[in-house]
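Peer 1: Whatever this is, show me its structure:
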Amino acid sequence: MNMTLFSSLLKMNFKEAFKTYGYPTLAVLSTAGLVSISMSLIPISKWARTQNDCVEKTTAFSRISDKVWSCSGGGH
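Peer 2: Residues are numbered from 1 along each chain as shown. Coordinates of the predicted model:
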C-alpha cells in the first residue's frame, strides 16, 4: 500500500472509507464467488447431458427407471 493511499484512509472516517473501498471489494469478492460456483457446475451439466442422451436413446427397456439404471452402469 503506498503512503498517499494510506494517508488518505487515515483522513477519512470509517463510513467514507468503507463506501470508497469496502463496497467495491465486496463486489469483486462476490462476483469471484459466483464465477467459481458456476465454473464448478460445468462438469455436472456435461454429465447430466450425457445421462439424458443415454436415457433417450436406450430402447432395450420401456420403464424410465430401467433406462436410468442401464445408463448408470447397471446394465450389461
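Peer 1: what distance separates the start and the end of stretch 7-17?
Peer 2: 12 Å (Cα to Cα, to the nearest Å).
Peer 1: gap between it and the chain center?
Peer 2: Offset of stretch 7-17 from its chain centre (Cα atoms, centre = their mean, to the nearest Å): 34 Å.
Peer 1: can you list contacts of that stretch?
Peer 2: Contact partners of stretch 7-17, identified using Cβ atoms under 8 Å, 6 or more residues apart in numbering, comprise 20-21. Using the backbone N, CA and C atoms, a C-beta is placed for each residue, glycine as well.
Peer 1: Looking at that stretch now, give me its mean pLDDT.
Peer 2: For stretch 7-17, mean pLDDT rounds to 73.
Peer 1: Spatially central residue for this structure, please.
Peer 2: Nearest to the mean C-alpha position of the chain, counting by Cα atoms, centre = their mean, stands residue 37 at 1.5 Å.
Peer 1: Which strand or helix spans it?
Peer 2: When elements are assigned from DSSP states H and E, residue 37 belongs to helix 23-40.
Peer 1: can you list the residues that contact the helix or strand following that helix?
Peer 2: Using DSSP H and E, the next helix or strand after helix 23-40 towards the C-terminus is helix 42-57. Contact with helix 42-57 is made by 64, 67-68, 70-72, as judged by Cβ under 8 Å, 6+ apart.
Peer 1: Helix 42-57: which residues count as buried?
Peer 2: residue 55 (16 or more other Cβ atoms under 10 Å).
Peer 1: Between helix 23-40 and that helix, find me the angle.
Peer 2: 30 degrees (axes from the mean of the first three to the mean of the last three Cα atoms, to 10 degrees).
Peer 1: In the protein, where is pLDDT below threshold?
Peer 2: Low-confidence segments of the chain (pLDDT under 70): 1-3, 5-6, 8-10, 75-76.
Peer 1: give me that answer again for 50
Peer 2: 1 (pLDDT under 50).
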